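Peer 1: Predicted model and sequence below, questions to follow.
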Amino acid sequence: MAMAGKPMLTGGCQCGAIRFALSAAPTRVSICHCRMCQKASGAPFASLADIPHEHFSWTRGAPSAFRSSSIAERDFCAACGTPLSYRRVGGTGIEIMTGAFDRPDRVVPTSQFGTESRLGWVGHVANLPSKTTLQNYGPERLAEVFSYQNPDHD
């Protein structure tokens with residue numbers, strides 16, 4: 001797809017080798033708790049934004065793909081390992097991992113799937129004691145930490 005004007009949302013992998021852009025808002029943002037999504041994301045669930053192919057493009061690089069089932073492939077960056085998407089084979093869209101967006105706060109889940117595999121503790125996460133990164137590391141130690149991740153913009 002050729003982007004006309006400024007893209008609505010952008011994102012990419014940790015190292016910056018892969019970037020993407022959307023020309024329209026996702027049609028759905030969801031959380032999937034199925035075991036395949038847990039394994040693919042390395043997390044208790046995957047959060048995915050569904051986008052029709054005509055509103056999505058890879059703008060830098062090309063991801064590698066793993067056929068995770070008879071119906072789907074999952075894209076990832078071969079250089080840094082960032083999980084990027086879920087695609088139904090022959091489908092009309094792509095589902096992008098919400099953590100890969102430059103502004104993940106703009107892609108808010110509204111539904112859940114695969115709840116038969118939802119971990120019992122997930123619903124209690126908001127009630128756990130919490131600290132900011134600064135509180136956890138302290139200013140001196142945090143000042144010594146340098147990120148090698150690509151910034152959240154092109």
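Peer 2: Good, I have the coordinates. Residues are numbered from 1 along each chain as shown.
Peer 1: With adjacent residues omitted, what lies nearest to the residue most central in space within the chain?
Peer 2: Nearest residue to the geometric centre of the chain (C-alpha atoms, centre = their mean): Met97, 2.2 Å. Distances taken as C-beta to C-beta, 6 or more residues apart in numbering put Pro83 closest to Met97, at 5.4 Å, once the chain neighbours are dropped. (C-beta placed from N, C-alpha, C; glycine too.)
Peer 1: From Phe56, how far out is the closest residue to Arg60 other than its chain neighbours?
Peer 2: Using C-beta to C-beta, 6+ apart and skipping residues adjacent in sequence, the residue nearest Arg60 is Arg19, 3.8 Å away. From Arg19 across to Phe56, the span is 12 Å (C-beta to C-beta, to the nearest Å).
Peer 1: now the strands: where do they sit in this protein?
Peer 2: Ranges of strands within the chain are 9-12, 19-22, 28-32, 46-52, 56-60, 64-67, 72-76, 83-88, 93-97, 111-113, based on DSSP state E.
Peer 1: What are the contacting residues of stretch 90-106?
Peer 2: 9-13, 20, 26-27, 29, 41, 46-53, 56, 75, 82-87, 107, 109, 152-153 (C-beta atoms under 8 Å, 6 or more residues apart in numbering).
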